[in-house]
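Chemist: No letters, just coordinates:
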């Protein structure tokens, strides 16, 4: 099984810039058929990665978005006892077969796919603290047992599993041991320039460097509640383009404009805006 | 060679296990990393390290192994865990703030101690700089707490005590790191869960359905009940600043664990001891305060109150009117504490200081008496017994 997968190599896509370590992470996870756990600041493209991997390999993708109320069982299957009971009273013929009332979950669908799919388990940390523990065997052996029909569901092809986490809850060790782990670092200026170039190829160089300068200046402001992330930068640039703002306007040492235009795309709460204003103000005074 | 690397990682405190190591070997066998040190580094980190907190330690061990560097860090490693360094950095900020106080020209004796401490700090800091420079992209911001409002006392005893805490700090913090992750805390906090059904009825009540269907002569009669929710209400009162600086990290972990565990969680800050007012936003602690009376009116007595503080202060701050270090309080802290204990029967005090040190601090003894001996150390075990104490009504 492994040999056939070896020729697959992920190296970013046209719309997604992957750093060397991220490429290695994806390739190792694909080759060894291990789930890949991705962590990182919000907005660094964790979820996007799964979509891009699926796109690059030309595989179908199954997305399982985890919520705070999600149970691991929902990813496997659910047994709809109530509608079976109702059908039995209405004399429906379907009722004889329990299979009709088993509703498949995302994991089952991915296991049943006849090419090797990509399975995204998004924001696993949102669920209950025991959630990952309930998936250990499923992720390890890629099989599970349906008690109602007494059948064992085994993956036809081990899916490429990408799991994202925002670090809201700590994941159990037993779960971590089964995954490869990659932490997406916040991109440095060069990578960021590449990322922006991928999204806005026609962006003027001048505007880009001014925008990046302003962006990193905001990020470096100490004590921000929420640092702006890549996706916010992209939004901001989109706005700048739409409003046709000249590069000069972004220079924050312009005494009249203490904060960059359309900052709302970058700073998401008023305390941060306030703090930033104060700091810029102080800076100017000391100069 | 790799086996030694594996064991060195374990000694360095990176929790690697055999299956992970084997999967690295398997990946190497498949030539995932070949002829490139960088690739090998990424691959090894990917398969062996499962938490970005350990990246720095991993980098150190890796460096030592594959750059042929000498084992210079062996001793340092035992003494200075990276978390400690981080706390040091935090420390040095506060020290700068303290130096700002220096310019005001008061408290000579205190400043002497501070300067000494700063010197001490820089020495160790430089030693550590070697490796904090290499990896050190720690994603952990020190949110929540602000180092502002550091209390600077001018009593001889207090300074000595602070120095002692400083010395003893290294190992303890290291240990805390291991035993107290948020996950552990959350599991301990679970004890306090008391499920209640309230809200919209959306879950099938199987028992009720069977029952009413049977009564209905076999015709299906569905019964729905609201989903079970954690109905415990928690009021968290946290000590900030001053001597609590050492415990900021543990408290943050407790706080974030509690935050996601309870639906009704309210928190307030106080400084050293409770007086007539508390505050919610540490940055605006002088502007926005809420009266303790108000607090008792607003939260009825079914709230569980958890104090978190080291209760380490001058006994005056508890027993005397006007004893507070920050302001003039008309009524003593003990009076306020008595009011709180009568209003909230479910109340505990968590103390991040280890239990064996409590005996030596008069203020801790006083506080213990005031809260009716319901003081527990802020460790997993202590938290566990604290939660048990919270569940039963106090005598």
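Modeler: It's in. All of these numbers come straight from a predicted model, not from anything done at the bench.
Chemist: and the gap between residue B:326 and residue B:277?
Modeler: 11 Å (Cβ to Cβ, to the nearest Å). Backbone N, C-alpha and C define where each C-beta goes, glycine included.
Chemist: the more surrounded of the two?
Modeler: Using other Cβ atoms under 10 Å in any protein chain shown as the criterion, residue B:326 and residue B:277 rank with residue B:277 on top: 19 against 15.
Chemist: Could I get the full set of helices for chain A?
Modeler: Ranges of helices within chain A are A:2-5, A:20-32, A:46-57, A:72-76, A:81-90, A:106-111, A:136-141, A:173-177, A:189-199, A:205-220, A:230-243, A:270-286, based on DSSP state H.
Chemist: Turn those into TSV, including mean neighbour count and mean pLDDT.
Modeler: Output for the helices of chain A, formatted as TSV (neighbours: other Cβ atoms under 10 Å in any protein chain shown; pLDDT from 0 to 100):
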stretch	mean neighbour count	mean pLDDT
helix A:2-5	12	41
helix A:20-32	23	86
helix A:46-57	20	89
helix A:72-76	19	89
helix A:81-90	14	84
helix A:106-111	22	91
helix A:136-141	16	86
helix A:173-177	16	86
helix A:189-199	15	84
helix A:205-220	17	81
helix A:230-243	18	83
helix A:270-286	14	70
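Chemist: closest to residue B:37 out of the ones you listed?
Modeler: helix A:20-32 (12.2 Å; Cβ to Cβ).
Chemist: quick one: that closest one to helix A:46-57, angle?
Modeler: 60 degrees (axes from the mean of the first three to the mean of the last three Cα atoms, to 10 degrees).
Chemist: Residue B:349 is in contact with residue B:376, isn't it?
Modeler: Yes: here residue B:349 lies in contact with residue B:376, judged by Cβ atoms under 8 Å, at a distance of 7.3 Å.
Chemist: Who has more neighbours out of these two?
Modeler: More crowded of residue B:349 and residue B:376, by other Cβ under 10 Å: residue B:349, with 25 against 22.
Chemist: and that one, backbone torsions?
Modeler: With angles defined as degrees, to the nearest 10, residue B:349 sits at phi -120, psi 120.
Chemist: Any idea what it is bridged to?
Modeler: residue B:307, residue B:375 (DSSP bridges).
Chemist: roughly how far apart are it and residue A:81?
Modeler: In terms of Cβ to Cβ, residue B:349 sits 48 Å off from residue A:81.
Chemist: near chain B, which residues of the stretch 1-150 of chain A show up?
Modeler: Counting by Cβ under 8 Å from any Cβ of the partner chain, the stretch 1-150 of chain A comes close to chain B at A:2, A:6, A:20-21, A:24-25, A:27-28, A:31-32, A:34, A:37, A:39, A:41, A:82, A:85-86, A:89, A:129.
Chemist: Centre-most residue in chain A?
Modeler: residue A:47 (1.8 Å; Cα atoms, centre = their mean).
Chemist: who's in contact with that residue?
Modeler: Counting by Cβ atoms under 8 Å, 6 or more residues apart in numbering or on different chains, residue A:47 touches A:120, A:122, A:164.
Chemist: Export these as JSON lines, with columns for distance to residue A:249, neighbour count and pLDDT.
Modeler: Listed next are the contacts of residue A:47 as JSON lines, based on distance: Cβ to Cβ, whole Å; neighbours: other Cβ atoms under 10 Å in any protein chain shown; pLDDT from 0 to 100:
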{"residue": "A:120", "distance to residue A:249": "39", "neighbour count": "27", "pLDDT": "93"}
{"residue": "A:122", "distance to residue A:249": "37", "neighbour count": "19", "pLDDT": "91"}
{"residue": "A:164", "distance to residue A:249": "36", "neighbour count": "24", "pLDDT": "92"}
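Chemist: any idea which of the residues you listed is closest to residue A:67?
Modeler: residue A:122 (9.9 Å).
Chemist: What residues does the closest one make contact with?
Modeler: With contacts defined as Cβ under 8 Å, 6+ apart, residue A:122 is in contact with A:47, A:50, A:63-66, A:164.
Chemist: Please repeat the previous calculation with a cut-off of 10 Å.
Modeler: Going by Cβ atoms under 10 Å, 6 or more residues apart in numbering or on different chains, residue A:122 touches A:38, A:46-47, A:50, A:63-67, A:162-166.
Chemist: what's the distance between it and residue A:115?
Modeler: Residue A:122 is 21 Å from residue A:115, by Cβ to Cβ.
Chemist: What of residue A:224?
Modeler: 44 Å.
Chemist: Can you tell me which residues in the stretch 151-287 of chain A are near chain B?
Modeler: Applying Cβ under 10 Å from any Cβ of the partner chain, one finds that the stretch 151-287 of chain A approaches chain B through A:167-186, A:222-225, A:227, A:271, A:275.
Chemist: out of those residues, which are inside strands?
Modeler: A:180-184 (DSSP state E).
Chemist: thinking again about what came up before, could you redo the contacts of residue A:122 as TSV and give each row distance to residue B:331?
Modeler: Below are the contacts of residue A:122 laid out as TSV (distance: Cβ to Cβ, whole Å):
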residue	distance to residue B:331
A:38	54
A:46	53
A:47	55
A:50	60
A:63	59
A:64	57
A:65	53
A:66	50
A:67	48
A:162	59
A:163	54
A:164	52
A:165	48
A:166	45
